[in-house]
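Trainee: here's my sequence, what's the structure:
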Amino acid sequence: MGSSLWLVAHALLLIDPDFARDQYARARRELGAELLGFGWAREWPRSWAGPEDVDSGPIVPLVGASAGSSGLALLGAAAFGDAPYLGALLTSLDLAAFPIREGDRLRYAASNQVGDAALLYALSFGPLWERIAAAGGAP
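Mentor: Residues are numbered from 1 along each chain as shown. Below is the predicted model of the structure:
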């Protein structure tokens with residue numbers, strides 16, 4: 001659920017920005033979490049325990065953190081300008097994803113090609129959408 005909801009909310013910006021913001025706010029309230037400067041996202045709301053699957057990946061006990069949902073929450077936070085949550089998610093990424101720095105390069109040992117692509121998209125989000133908006137699109 002969370003791993004899909006963040007992505008869909010960002011895409012809705014092109015169609016219905018008000019509805020998109022409402023969906024992001026609901027996702028943030030039900031799935032987003034922060035503690036002591038660290039951020040993560042749940043795959044399922046606290047009120048419902050869903051299954052672990054290929055989208056969610058393993059769920060971290062006690063906090064309910066999902067790597068899949070947390071990774072796509074980066075995109076949601078970037079798309080909706082939620083800088084505090086984006087910063088908290090990046091802080092968690094730098095702790096939990098085992099960063100490897102080689103010169104001016106950075107990669108995460110706990111990531112894979114899909115995770116890398118989602119992270120790149122989240123951190124470079126904006127220019128295409130700004131062009132769409134300038135052409136009369138929704139963002």
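
Trainee: show me where pLDDT drops low in the chain?
Mentor: Scanning the chain for pLDDT under 70 picks out 50-51, 53-56, 137-139.

Trainee: name the nearest residue to the spatially most central residue of it, sequence neighbours excluded.
Mentor: By CA atoms, centre = their mean, the chain has its centre lying nearest to A73, at 1.5 Å. Spatial nearest neighbour of A73, excluding adjacent residues (CB to CB, 6 or more residues apart in numbering): A41 at 3.8 Å. Every residue, glycine included, has its C-beta placed from N, CA and C.

Trainee: and the one you found, how many residues sit next to it?
Mentor: 30 (other CB atoms under 10 Å).

Trainee: surely it touches E34?
Mentor: No - A41 lies out of contact with E34 (CB atoms under 8 Å); the separation is 10.1 Å.

Trainee: report how many residues lie close to W6.
Mentor: Here the number of neighbours of W6 (other CB under 10 Å) works out to 31.

Trainee: so it is in which element?
Mentor: Following DSSP states H and E, one finds W6 within helix 2-12.

Trainee: gap between that helix and the chain center?
Mentor: Remark: helix 2-12 is offset 9 Å from the chain centroid, using CA atoms, centre = their mean, to the nearest Å.

Trainee: let me see the ranges of the helices in the chain.
Mentor: Counting by DSSP state H, the chain has helices at residues 2-12, 17-31, 67-79, 83-96, 113-123, 127-134.

Trainee: which of those sits most buried?
Mentor: Across those, averaging neighbours per residue (mean count of other CB atoms under 10 Å) puts helix 67-79 on top, at a mean of 26.

Trainee: distance from it to the middle of the chain?
Mentor: Relative to its chain's centre, helix 67-79 lies at 0 Å (CA atoms, centre = their mean).

Trainee: got the angle between it and helix 113-123?
Mentor: Calculated by axes from the mean of the first three to the mean of the last three CA atoms, to 10 degrees, helix 67-79 forms an angle of 20 degrees with helix 113-123.
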